[in-house]
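Undergrad: Pasted the sequence and its predicted model underneath.
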Amino acid sequence: MSNIDNLKSTISKKGGLARSNRFQVIFTPPQVSLLNTNPVSLIGGLLSGGGAKNLINDPRDISLLCESVSLPGRSISTIDYMAEKQSVKMPYTYIDTPVQMTFIITNDYYMRTVFENWYTSIFNTERYKVGYKKDYSTDIVIQQLNSKNIPVFGVKLEKAFPIEMTPLELSNATENDYLRMTVTFAYDKYIEENAVSSVLSGVSSVLGQAQNTLNLFG
């Protein structure tokens, strides 16, 4: 059997190739990010064709508007230790890399509004006051999907929150393009999940979305 046949056989018995465009992200932003009380923003939403439904920012739209996301990486920090006649590397801690997500910007600036409101709960620039982490952090579930859109692998970011939002570049040179915004998230740690546990984490996050939405009217 040729090497290419061996490769095909190996890929087939492992369920096929993981496709980079088969994914979804699930998380519930703080309640302050879900209710749009800015009258100027609401009027802008009406003018852009969004209608009165722009009063509440639906967290389910986040997954649809997420154009790309990076799965977290991890590095081991080491120090040089003299062992007999040579120096060797000794590990002493680890560092999880921040996660970036790129979102599509619609005419009502939905994603921009969500994160601007979220930032307010993290650091209030008017009062110059930092919020409580339990109020502005949330778990984020990133799922790899197969060709049937069924989760096969997942990563959960515990107590995540945005730390950077890229500027939006407007230019006459990009007439047929659309705006994108990249957001960087920090988190306490990430947990790799199999298909079953990732589905359960996703369901838990969806229930949290529903509860947060109901609390807006409670």
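TA: Yes, it's here. Numbers count the residues shown, from 1 in each chain.
Undergrad: Return the backbone torsion pair for the residue most central in space within the chain.
TA: Centrality entry for the chain: nearest residue to the mean C-alpha point is Met101, 5.3 Å, by C-alpha atoms, centre = their mean. Dihedral pair for Met101: phi -130, psi 140, per degrees, to the nearest 10.
Undergrad: Now do the contacts for it.
TA: Contact analysis of Met101 by C-beta atoms under 8 Å, 6 or more residues apart in numbering lists Val25, Cys66, Ser68, Val69, Ser70, Thr182, Val183, Phe185. For glycine as for every other residue, the C-beta is placed from the backbone atoms N, C-alpha and C.
Undergrad: Skipping its backbone neighbours, what lies nearest it in space?
TA: Spatial nearest neighbour of Met101, chain neighbours left out: Val69 (4.6 Å); criterion: C-beta to C-beta, 6 or more residues apart in numbering.
Undergrad: Could you give the number of residues near the one you found?
TA: Neighbourhood size, Val69 [other C-beta atoms under 10 Å]: 20.
Undergrad: Which residues does the residue nearest to the centre of the chain form beta bridges with?
TA: Beta bridges link Met101 to Val69, Val183, judged by DSSP bridges.
Undergrad: Do you know the pLDDT at it?
TA: Looking at Met101, its pLDDT stands at 97.
Undergrad: before we move on, what about the one 3 residues further on?
TA: Per-residue confidence for Ile104 comes out at a pLDDT of 96.
Undergrad: what do you get for the one 5 residues further on?
TA: Tyr109 is assigned 88 on the pLDDT scale.
Undergrad: for the protein, what helix or strand is lowest in average pLDDT?
TA: In the chain, the helix or strand scored least confidently by mean pLDDT, DSSP states H and E is helix 39-47, which has a mean of 54.
Undergrad: Could you verify my assumption that Tyr119 touches Pro162?
TA: Yes: taking contacts as C-beta atoms under 8 Å, Tyr119 lies within contact range of Pro162: 6.9 Å.
Undergrad: wait, isn't Tyr81 in contact with Tyr92?
TA: No: in terms of C-beta under 8 Å, Tyr81 does not count as a neighbour of Tyr92; the distance is 9.8 Å.
Undergrad: Would you state the strands of this structure in chain order?
TA: Secondary structure of the chain by DSSP state E: the strands cover 23-27, 66-69, 74-83, 86-96, 99-104, 123-124, 129-130, 138-145, 151-165, 180-186, 189-194.
Undergrad: okay, these in CSV with distance to Gly16 next?
TA: Shown next, in CSV, are the strands of the chain (distance: least, C-beta to C-beta, whole Å):
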stretch, distance to Gly16
strand 23-27, 15
strand 66-69, 21
strand 74-83, 26
strand 86-96, 28
strand 99-104, 25
strand 123-124, 44
strand 129-130, 46
strand 138-145, 12
strand 151-165, 9
strand 180-186, 29
strand 189-194, 17
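Undergrad: nearest to Thr10, of those strands?
TA: Comparing the strands of the chain against Thr10 with C-beta to C-beta, the closest turns out to be strand 151-165 (16.5 Å).
Undergrad: and that closest one, which strands flank it?
TA: Strand pairing for strand 151-165, using DSSP bridges, gives strand 138-145 (antiparallel), strand 180-186 (antiparallel), strand 189-194 (antiparallel).
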